[in-house]
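1. Mind looking at a prediction? Sequence and model below.
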Amino acid sequence: MRSSKIPDRPRVFKTLNGVASFLYSLDFGTVCIPMHEGRSAIHTPSQDRTAES
């Protein structure tokens, strides 16, 4: 459980590998990186992890 006393802070990634490693550590099974400016992608945790909860 997260403490409400510690505020969230934005993360800045310098490389695609950094983004992929971060998402992998959160158990995301797929990493989608938009290659055109202004586009976005939605990430969801892998189904295996949500089944354990």
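-> Nice, thanks for sending it over.

2. how long is stretch 38-46 end to end?
-> Taking Cα to Cα, to the nearest Å, the first and last residues of stretch 38-46 lie 26 Å apart.

3. so where do the helices sit in this structure?
-> 16-25, 47-52 (DSSP state H).

4. Where among these is average confidence lowest?
-> Among the helices of the chain, helix 47-52 carries the lowest mean pLDDT, at a mean of 53.

5. ok, C32 - contacts?
-> A41, I42, H43 (Cβ atoms under 8 Å, 6 or more residues apart in numbering). Just so you know, the C-beta spots here come from the backbone N, C-alpha and C atoms, and that holds for glycine as well.

6. from these, which single one is nearest P7?
-> Checking those against P7 by Cβ to Cβ gives H43 as the nearest, at 22.3 Å.

7. got the contact list for I33?
-> I33 makes contact with L16, V19, A41, according to Cβ under 8 Å, 6+ apart.

8. ok, and the most crowded of those residues?
-> Highest neighbour count within these, by other Cβ atoms under 10 Å: V19, with 14 neighbours.

9. pLDDT value on E37, please?
-> Reading off the model, E37 has pLDDT 90.

10. How about the one 4 residues further on?
-> Confidence per residue is given as pLDDT, and for A41 that number is 81.

11. do S53 as well
-> 44.

12. middle-most residue in this protein, spatially?
-> Most central in the chain under Cα atoms, centre = their mean is L23, positioned 3.8 Å from the mean C-alpha point.
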